[in-house]
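K.L.:
below are the sequence and a predicted model for it; my questions follow.
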Amino acid sequence: MKPKEPMKPMEPMKPMKGMEPFWPKDLGDPSTSGSQNGMKYAFFPDKQRLVIERDGQVSTYDSGDHRIGGVSQADGASKTLTFSSQNGDVDLDKLKKLG
């Protein structure tokens, strides 16, 4: 009976690739961002901008004096988005859409 060959060392894992930015580069880095159910969001407090990507479409909103800290999304056909800020909950449709 032949002796077993020694195990070969494992190949090192390649680093995972991070999420590619979907927002305009001139906004810089967001203070918060996330994704859920095919929707992504990123908030830029210094620029007072909230950027949303939904179904491949990117939209930018003026966040005014809101400092966005989180998001909740209603499931179902309505796909309503509500963001939490220091002023309480903010519905996306209450923010001015810029593009």
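P.N.:
Sure thing, it's come through.
K.L.:
name the helices or strands packed onto the lowest-mean-pLDDT helix or strand in the chain?
P.N.:
Of all helical and strand segments in the chain, the minimum by mean pLDDT, DSSP states H and E falls on strand 70-73, at a mean of 72. Packed against strand 70-73 by the contact rule (3 or more C-beta pairs under 8 Å, 6 or more residues apart in numbering; DSSP states H and E) you find strand 32-36, strand 81-85. Placement of C-beta: from N, CA and C, glycine included.
K.L.:
return the most buried member of those strands.
P.N.:
Between these, strand 81-85 has the highest mean count of neighbours, a mean of 18, where neighbours are mean count of other C-beta atoms under 10 Å.
K.L.:
only alpha carbons, please: show it as PDB.
P.N.:
What follows is strand 81-85, C-alpha atoms only, in PDB (Å, rounded to 0.1, in the frame of the first residue of the first chain):
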ATOM      1  CA  LEU A  81     -39.700  54.500   1.200                       C
ATOM      2  CA  THR A  82     -39.500  56.200   4.600                       C
ATOM      3  CA  PHE A  83     -36.300  57.600   6.000                       C
ATOM      4  CA  SER A  84     -35.500  58.300   9.600                       C
ATOM      5  CA  SER A  85     -33.900  61.700  10.500                       C
END
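K.L.:
what about the residue most central in space within the chain, distance to K2?
P.N.:
Geometric centre of the chain, nearest residue: G34, 2.8 Å, by C-alpha atoms, centre = their mean. Distance, G34 to K2, using C-beta to C-beta, to the nearest Å: 55 Å.
K.L.:
SS state for D26?
P.N.:
helix (DSSP: H, G, I helix; E, B strand; the rest coil).
K.L.:
where's it relative to G56, distance?
P.N.:
21 Å.
K.L.:
for Q86, same thing?
P.N.:
Distance from Q86 to G56, by C-beta to C-beta: 31 Å.
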